[in-house]
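Enquirer: using only what follows, build the 3D model:
(one chain, ligands or ions: 1)
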Amino acid sequence: MELEQVLVKRVSTRKYNAQVPSDEIIQKIINAALLAPIVRFHKLHLSVVTNKEAMNLAEDAAEKIFGAPDAPVKMPKPYLYNAPVWIILSGKIHNEAENPNAKLMNDNLFWNVGSIIENMELQATALGVSSCGINTTVVAMRNSPKVKKVVGIPEGYDALASVVIGYTDSPLPERTVKPELIPVTFVK
Ligand SMILES: Cc1cc2nc3c(=O)[nH]c(=O)nc-3n(C[C@H](O)[C@H](O)[C@H](O)COP(=O)(O)O)c2cc1C
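Expert: So this is what the prediction gives:
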């Protein structure tokens, strides 16, 4: 698929069927993460979760926050949309106590995070695999060491971002360019 087609076809998908992407497809998506622009001084880790029990624990942790009456935002459920594969990017967040430049380093870290997640979503789309970035279960892990452990996040790391992948039977819209999303200034 041409890159331009990939860009319009990538769409956050919230309904998945039971078909599990093959190991080869999953590896290609992981390789796309590894091909992202990554600054070398961050400590990062990827967890590829297909274990339903682990996913259910994460859903329960997310429900405690996003199902509460004072939820920061209401999100559709289930939070992982029954997708068969959940990929979590975790990393070591820089700490002011250890590094006076922690904020600067963390700003740099989060840029890497965006690149890595986007590369995976674009590669998934190119392979005919649907995806959705998922923050609900990432936020939920902040207060849930048990979930962090079962999804294989290394000691001292935090979940930074995640994406679900799988196949859908729903018709997918082609996205269009919406100039109002980001004003642009051309300086010539
Ligand atoms: C940082 C980030 C966090 C997101 N978290 C969630 C989430 O927790 N649940 C969800 O359904 N979608 C989530 N999304 C998907 C956005 O809602 C989606 O990208 C946005 O609505 C634009 O739609 P599009 O991706 O189809 O263009 C997230 C996207 C980003 C970039």
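Enquirer: residue contacts, residue 174?
Expert: Counting by CB atoms under 8 Å, 6 or more residues apart in numbering, residue 174 touches 8, 9. To be clear about C-beta, it is placed using only N, CA and C from the backbone, and glycine gets the same treatment.
Enquirer: please read the previous query as pertaining to residue 14.
Expert: 76, 81, 132.
Enquirer: now do residue 150
Expert: Residue 150 neighbours (CB under 8 Å, 6+ apart): 51, 53, 54, 57.
Enquirer: kindly report the same for residue 140.
Expert: Residues near residue 140 by CB under 8 Å, 6+ apart: 58, 61, 62, 64, 65, 66, 147.
Enquirer: contacts with the ligand among the contacts of residue 150, please.
Expert: Filtering the contacts of residue 150 for neighbours of the ligand using CB under 6 Å from any ligand atom leaves an empty set.
Enquirer: can you name the residues bridging to the residue nearest the centre of the chain?
Expert: In the chain, the C-alpha nearest the mean C-alpha coordinate belongs to residue 162, at 2.3 Å (CA atoms, centre = their mean). Taking DSSP bridges, one obtains residue 88 as the residues bridged to residue 162.
Enquirer: thought residue 135 was touching it, still the case?
Expert: Yes. Between residue 162 and residue 135 there is a contact under CB atoms under 8 Å: 7.5 Å.
Enquirer: need the residues of the chain near the ligand, please.
Expert: Residues of the chain lying near the ligand (CB under 6 Å from any ligand atom): 11, 12, 14, 75, 132, 133, 134, 135, 136, 175.
Enquirer: what's stretch 71-78 in contact with?
Expert: The contact list for stretch 71-78, computed with CB under 8 Å, 6+ apart, reads 14, 59, 63, 65, 66, 67, 136.
Enquirer: neighbour-wise, give me the winner out of these.
Expert: In terms of neighbours by other CB atoms under 10 Å, those top out with residue 136 at 23 neighbours.
Enquirer: the helices in this protein, which residues?
Expert: Applying DSSP state H to the chain gives helices spanning 3-9, 23-34, 52-66, 102-126, 136-141, 145-150.
Enquirer: need these in JSON lines with mean pLDDT, can you?
Expert: As requested, the helices of the chain are exported to JSON lines (pLDDT from 0 to 100):
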{"stretch": "helix 3-9", "mean pLDDT": "96"}
{"stretch": "helix 23-34", "mean pLDDT": "98"}
{"stretch": "helix 52-66", "mean pLDDT": "97"}
{"stretch": "helix 102-126", "mean pLDDT": "97"}
{"stretch": "helix 136-141", "mean pLDDT": "97"}
{"stretch": "helix 145-150", "mean pLDDT": "98"}
